[in-house]
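> Structure for this input, please:
(2 chains)
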Amino acid sequence: MSAPVVGTPFDRVDGRAKVTGEARYAADAREAEPLYAVLVQSTVARGRIRAIDESAARAVPGVVEIMTSRNAPRVSAIDFSFEVPSSEQLAPLQDDQIHYDGQHVAVVLARTFEAAREGAALLRIDYDGVPARSRVADVSGFETITQFFGRDAQQRRGDPERAYETSAVTIDATYRTPEETHNPLEPSATIARWDGDELVVHDATQWVNGARSTLMAAFELDETKVRVVSPFVGGGFGCKGFSWPHTQIAAMAARLTGRPVRLVLAREQMFTSCGHRSETEQRLRLGAASDGTLKAVLHDVVTATSRVGTFLEPAGLVSTFLVACPNVAVTHRTARLDIPTPTAMRAPGEATGTYALGCALDELAEQLGLDPLELLRRNHADIDGESGRPYSSKHLLECFARGAERFGWDRRTAAPRSMRENGEYVGWGVATATYPALRAPAQARVTIDQDGRIELASATHDLGTGMYTIIAQVAGDALGVDARGIVVRLGDSALPPAPVAGGSMSTASVAPAVQDAAARVRDRALEIALGTAGSPLHGLRREQVAFADGRLRANDDPSRALSYAQIAQLAGRPLEAVGGAAPGEEEQQYALQSFGAQFCEVRYDEELARVRVTRALGVYDCGRVLNPKTARSQMIGGIVWGIGMAFLEETVRDPRSGAVVTNNLADYHLPVNADVPAIDVLFVEKPDLIFNPLGARGMGEIGITGVAAALANAVYHASGVRVRDLPITSEKLLAGAPVRV
Amino acid sequence: MRRFAYVQADSAEGARELVRDDPQARFYAGGTTLVDLMKGGVEVPSRIVDISRLPLAGIAVRPDGVRIGALARNSDVAYDQTIATRLPALSQALLSGASGQIRNAATVGGNLLQRTRCSYFRETRWRCNKREPGSGCDALDGYNRAHAVLGTSESCIATYPGDMAVALVALSAKVVVEGDGGERRVPIEDFYVLPGAQPERETTLAHGELVTAVEVPFAAVHERSHYRKVRDRASYEFALVSVACGVVLQNGRIHDVRLALGGIATIPWRAHEAEALLLGATASDETFVQAARTALAGARPRRDNAFKVELAQRTVVRALREAAA
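Numbering: from 1, shown residues only, chains lettered A, B, ... in the order given. A predicted model of the protein is given here:
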């Protein structure tokens, strides 16, 4: 019998296709005689277009059409909803109004990419610009935010102000995180084609059905008329989750010209066209008794959104539950700026919130004269402070214990600048990681044909996360066949529906649906094998047979056996079943949340104000691990990004115009290999069977959470300088340095 | 599409002629600067004269120094045994720059002429006196964290970004230039010019003149040289501050010294006054701090780059201490 492969470090089934170039990403889609589209974007942040002179652009040989608000097909603005996830309430190319620098104002369509690009460069646009506001600091009045995706953005319990005032030890500190940009390897791309009134779109998206519903709304089509395909995605991290205007624009241009249109965003356009993480300013007030027991947590967040969208960074929500506390107040306010609309970026809210709260707790521990890990232990939340519900499964204390042992935490000396090695200060930091365990209804289809070809299909996605592999493993085990032989199809809105590849919910949602579909096919196979006259197994009862190595055998006579292919032949048609799975009452009864502990070590060269990360360890409680290899890879990626968040990443806007100045990978710094130490990842692996039948919670986003806090705390421990403003760069460390040259 | 002519030169003289007669013609070797700028519309050459096949890639060791052909690859120079041992600052500077792939493509001659990384220069939407003389400078009051504090003008604060030239300035290299009047040797400090009111002019090279080699002399102080680079990430980034220096001690006093700075000036910056202060002084942190202050005395920081003055001083102290050790 094939040994079960769920839970083993199974190699990626799509690895070969990726390294050989067989894997076709959106921009690899071939269409006959496409027009190449190059977007032209506003160079003012607020105002209107006064005039567009197309003459020079139209004179470029190969330029076929220029689409602006003058001739663009009419589409209507769409309010964001989870059903129709249009990121911006801005119908593209419909009027002359400018809401942010980088807004699409025209698209040049040509027979070659080069001609389109040249045409775009020659398009002359005059604007009436007015002064723009692009930073929270530019604004004084803020809007109060009441809701964030169904959660209260203003939360209160107990009497936090009074508890804070009367606490023995208090901390009052303000932390800032900058605007950040996703920068997946693969830029967004849309290839659109109309077949009569039917629209086919190849889109680099984390959500084929979200893109479909947005296109349906924009063009007033029903779902049989729109198909969105996205079999491979070169990273998304949230910027390909909700729908963005360029996808509509490609379809509009295809309609206008009657030809397939191919639109690929340039790297610099990725900084303005598909979201970013909005900046935050977070004031944390913590109050504790002298033994470290938390009495008050007050977390006030000011963040930013655009004038044409609503998304923002809900950084305060983690403070309702990350540590146990009876008196809590969380507020969120937002500035409406002349910037593109923010969107979900890996762990929206958790990444920034765990940073600020994780640092404030470290500051509190120091005030208390308590080890920071001990403070976290003492304030462990046994139940969810936000809902009052018990956790379905929570093993954070075990994460702390295993992490502390592996890291050698007990050798840490408390005082800043107290650990030295080779002339450098050594700093250790710790923080809590967390991300909710989300799940949504999903379906999958398993088909086995008369040749024994097994196909597994679902409109889910693989962003490099391992989805192809994991669902093949689940189906292989459920069918009793080799997972490597299963053909997996995903990323197509024509397949059985699945949720957005976001919120770390794909595995938790889709894997149970796959299991269900496989079980249904197996049942059908059994029925046919036992019930069809002429079958060698005809007449046996279910308990007298078993599946192994892809064959159904009689228990007492293994020579009486049928392969799936033979069963399908008996049936005269392929074996096929659609399975589904959905969350149930557990969502009302339990708090469903993953946790983890991040431990980091840095070395600090005080003279040059240089920090190096020398060790990073993450210990996670995410339920059952379906594939330790892809899971570990996800967590490593999160920690690397946390290093970038702590020390490097910042989307800088020109102070006057609001345009992104760091709109390329030379000026927007991502960590390189030399910045990243060997990363250690552990899983506590306690299956969460309340959450779903596989016991597996999601594993995408938690990796980045807590990392920036653990690193900032380690930097303080090494340097004695508390930088409360990310990224932690030389000038900020120098500003806090005791001695100047 | 922007058309340009591509011509492969078969002699240095032929290459020069092809460039000289057309103000928009450019020499092309490794392409690591030029092609990037062409993609962004910053350079719009009418003609590209490919000199990469000319026989100018040799590295010749002579009794008094090395002659490095202008087409020698950065990586070949960095890993040359003689250079690594007798001119260590040069080797270290090269290895601290760019990535392995880029070092394998970039040439010494091209690297000397590397253009600034100023964001306002590299995107045509901004005003830039260097790119479009007289248009203004958006960097002066823009985001100028990476910009220069030394050698700036009211027209331009763009930083010279490279590493190699900083080492060459410390090592008193000469640039060999071939022009209509034959060959001339330009001390590298006279090769670069301050932006002043004409930031579009970066070197004393006339259009059509070709850099054919760089000559670096041997000296005891060059053998005792090294390169220290400070930047936000550990690799693949331009310097916030860099220092090339060499120190020879005699009885605890500084017998000979070279000091040059990068990442903070509009040209590779030789710190002559600081050298004069160091010469004959006791090698101590106190002396090094004084020298560092002297080197940065003329600094004129802007909104975002004031920290570079402090950081540069600290880096000078560190580099001198290391060189004197």
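
> residue ranges of the strands in the stretch 451-600 of chain A, please?
A:454-458, A:486-490, A:545-548, A:551-554, A:557-563, A:575-581, A:593-605 (DSSP state E, counting those that start in this stretch).

> so of the ones you listed, which one's packed in deepest?
Most buried of these, by mean neighbour count (mean count of other CB atoms under 10 Å in any protein chain shown): strand A:593-605, with a mean of 27. Yep, even glycine has a C-beta here, placed from its N, CA and C like the rest.

> List the strands paired with whatever helix or strand comes next after that strand, with their directions.
Downstream of strand A:593-605, the next assigned helix or strand under DSSP states H and E is strand A:610-621. Within its sheet, strand A:610-621 is paired with strand A:593-605 (antiparallel), strand A:679-683 (parallel), according to DSSP bridges.

> least reliable of the strands of the stretch 451-600 of chain A going by mean pLDDT?
If you rank the strands of the stretch 451-600 of chain A by mean pLDDT, strand A:545-548 sits at the bottom with a mean of 90.

> Sort out which residues of the longest helix seen in chain A are buried, please.
For chain A, the helix reaching the highest residue count under DSSP state H is reported as helix A:506-531. If you call a residue buried by 16 or more other CB atoms under 10 Å in any protein chain shown, then helix A:506-531 has these buried ones: A:506-518, A:520-522, A:524-526, A:528-530.

> likewise stretch B:199-210?
B:199, B:202-203, B:205, B:208-210.

> In helices only, show me these.
Using DSSP H to define helices, no part of the buried residues of stretch B:199-210 is located there.

> how close does residue A:136 get to chain B?
Applying CB to the nearest CB, to the nearest Å, the value for residue A:136 to chain B is 17 Å.

> which residues does that residue contact?
By CB atoms under 8 Å, 6 or more residues apart in numbering or on different chains, residue A:136 lies in contact with A:279, A:281, A:302-304, A:335, A:337.

> Can you pull the phi and psi angles for the closest residue to it other than its chain neighbours?
Nearest residue to residue A:136, sequence neighbours excluded (CB to CB, 6 or more residues apart in numbering or on different chains): residue A:335, at 4.8 Å. Main-chain dihedrals, residue A:335, degrees, to the nearest 10: phi -100, psi 140.

> now residue A:328
phi -140, psi 140.

> was I right about it contacting residue A:317?
No: here residue A:328 does not reach residue A:317: they are 10.9 Å apart, not a contact under CB atoms under 8 Å.

> which neighbours do the two share?
Common neighbours of residue A:328 and residue A:317 (criterion: CB under 8 Å, 6+ apart): residue A:155.

> helices and strands around the worst-scoring helix or strand of chain A on mean pLDDT, which ones?
The helix or strand of chain A with the poorest confidence is strand A:545-548; it has a mean of 90 (mean pLDDT, DSSP states H and E). Applying 3 or more CB pairs under 8 Å, 6 or more residues apart in numbering or on different chains; DSSP states H and E, we find strand A:545-548 packed against helix A:506-531, strand A:551-554.

> Dump it to CSV, restricted to CA.
The C-alpha coordinates for strand A:545-548 follow below in CSV (Å, rounded to 0.1, in the frame of the first residue of the first chain):
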residue,chain,number,x,y,z
VAL,A,545,-12.5,-5.1,0.3
ALA,A,546,-9.9,-2.4,0.7
PHE,A,547,-8.1,0.2,-1.5
ALA,A,548,-4.3,-0.1,-1.7
